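In: Let's see this in three dimensions:
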Amino acid sequence: MEKRSPIGIQYSGFRFKSFSFREPGGVGKNESFNFETSMAIRTAKERIVVGLMILVNRKSDGVTYAKAETESLFLAKGLDQVADKGGNINLPEDLLFTVISLAISTSRGALMVKGAGTFLEKIPMPIVDPQSFFQQNKPVNL
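Out: Sure thing, here's the model as predicted:
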């Protein structure tokens, strides 16, 4: 029988902390852009916050043409059951994978909406593997 996590979560909000954008001149049909993504996960007594920063850089000139910082907010019950003696919260891997996946997909959709009518809607956004953030993003306490 599958062991259930003692933690219950609810996706409680999303926000842009910042968004900056400038239209690059002369975007060609085969123009390439890099999407650099970084993440930070913070926890508190009954909260999990997943912050993402996305930079959109043009390969041909290395200039950043868009930057978005987002936060996905989760209400959480039972985090005290996975805290160590020092009060550090150790999220179970399945829960960590879930909040990372939700934050990435929500931020991706929000960036597509913010970029409507600009060069961002004309370039392919990469599919991001949540596993690539898994080991490097151990939660820190708020």
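In: how deep is the residue nearest to Lys59 when sequence neighbours are not counted tucked in, by neighbour count?
Out: In space, not counting the residues next to it along the chain, Lys59 is nearest to Ser32; the distance is 4.2 Å by CB to CB, 6 or more residues apart in numbering. Placement of C-beta: from N, CA and C, glycine included. By the measure other CB atoms under 10 Å, the count of residues near Ser32 is 11.
In: Then Val128?
Out: Based on other CB under 10 Å, the number of other residues close to Val128 is 19.
In: Pull up the gap between it and Pro92, please.
Out: According to CB to CB, to the nearest Å, Val128 and Pro92 sit 22 Å apart.
In: Ala110 too?
Out: In terms of CB to CB, Ala110 sits 27 Å off from Pro92.
In: now swap in Thr64 and tell me
Out: For Thr64, the distance to Pro92 - CB to CB - is 36 Å.
In: Then Ser32?
Out: Counting by CB to CB - Ser32 and Pro92 are separated by 38 Å.
In: now do Lys67
Out: 32 Å.
In: out of the two, which sits in the more crowded spot?
Out: Lys67 (16 against 13).
In: In contact with that one, which residues?
Out: Ser18, Phe19, Ser20, Phe21, Met53, Ile54, Leu55, Val56 (CB atoms under 8 Å, 6 or more residues apart in numbering).
In: Select from these every entry located in strands.
Out: Ser18, Phe19, Ser20, Phe21, Met53, Ile54, Leu55, Val56 (DSSP state E).
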